[in-house]
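*Asks:* next come a sequence and a model predicted from it.
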Amino acid sequence: MARMVLLGPPGAGKGTQAVRIAEKYQIPHISTGDILRKNVKAQTPLGLKAKEYMDAGNLVPDALVLDLVKARLQEEDCKAGFLMDGFPRTAPQAEAFDEILKETNMELDFVVDIRVDEEELIGRMTGRRVCRECGAPYHVKTMPPKQEGVCDLCGGEVYQRADDTEATVRNRFKVYREQTLPLTAYYEKAGKLVPIESEGGPDQVFQIILSALEA
Ligand code: AMP
């Protein structure tokens, strides 16, 4: 049983690490970004409200995100714990999250904070591509599909997410610095912060995280 939050700038590999941590600890991986994207794709009322903010690299209003997190935490699988990926992103979200946990008698164990150089991340993110059908990830430099624009796995269209263009990526960093970075101090004060210097590939970073969590 573990309850964790994964913090870090956009493009730091949170999604990749989250999948591994969730598997290792046998807990659900809750990505507010994934949930929001699914809602946008399905054109639900939440998706229709969120789309404009997401495409511009801005944060979706706290109230919308808090409602979806509250609902998700009530699902059965969260009894085993959870790993939050991409939430909380603002001080009001962190405070509301504390309240939600208190009401449900849950306590957060760790906040894993991945730290990476910003310029390196911008290069990584603007090269990112993804399959529109199955979500398989690609990168124009490091992991291109065999045939440009076509998914190796399912033949779907490989495209650039609207929030991965350079202007949007720069804005997402600005949003991160102004709104999310202060949360590291908040969780450090609460004695929950586990800082991780991200060096090397995903395997190495995962090992660093595991060692830090087990320490
Ligand atoms: P992500 O995949 O986590 O980078 O999220 C993609 C986009 O979804 C973000 O740029 C925001 O527009 C929105 N989003 C995801 N999580 C949150 C959150 N906790 N608060 C506000 N907006 C969010």
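*Replies:* Everything's here; your move. All figures in this text were calculated on a predicted structure; none of them were measured in a lab. Numbering: from 1, shown residues only.
*Asks:* ok and the residue in the protein nearest the ligand?
*Replies:* With C-beta to the nearest ligand atom as the measure, residue 33 is the residue of the chain nearest to the ligand, at 2.3 Å. (C-beta placed from N, C-alpha, C; glycine too.)
*Asks:* that residue touches residue 89, doesn't it?
*Replies:* No. Contact criterion C-beta atoms under 8 Å: residue 33 and residue 89 do not qualify, at 9.6 Å.
*Asks:* tell me how many other residues crowd residue 126.
*Replies:* As a burial measure, residue 126 scores 18 neighbours (other C-beta atoms under 10 Å).
*Asks:* identify the residue nearest it in space, chain neighbours excluded?
*Replies:* Of all residues not flanking residue 126 in the chain, residue 166 sits nearest, at 5.0 Å (C-beta to C-beta, 6 or more residues apart in numbering).
*Asks:* I figured the one you found hits residue 122, correct?
*Replies:* Yes. Contact criterion C-beta under 8 Å: residue 166 and residue 122 qualify, at 7.4 Å.
*Asks:* give me the three-state assignment for residue 200.
*Replies:* State at residue 200, reduced to three classes by DSSP: H, G, I helix; E, B strand; the rest coil: coil.
*Asks:* what do you get for residue 102?
*Replies:* Quick answer, by three-state DSSP: residue 102 is helix.
*Asks:* any idea which helix or strand comes after the helix-or-strand element of the chain with minimal mean pLDDT?
*Replies:* Counting by mean pLDDT, DSSP states H and E, the weakest-scoring helix or strand in the chain turns out to be helix 118-126, with a mean of 87. Using DSSP states H and E, the helix or strand that directly follows helix 118-126 along the chain is strand 128-131.
*Asks:* which phi and psi does the residue of the chain most remote from its centre have?
*Replies:* Relative to the mean C-alpha coordinate of the chain, counting by C-alpha atoms, centre = their mean, the farthest residue is residue 147 (28.5 Å). With angles defined as degrees, to the nearest 10, residue 147 sits at phi -120, psi 130.
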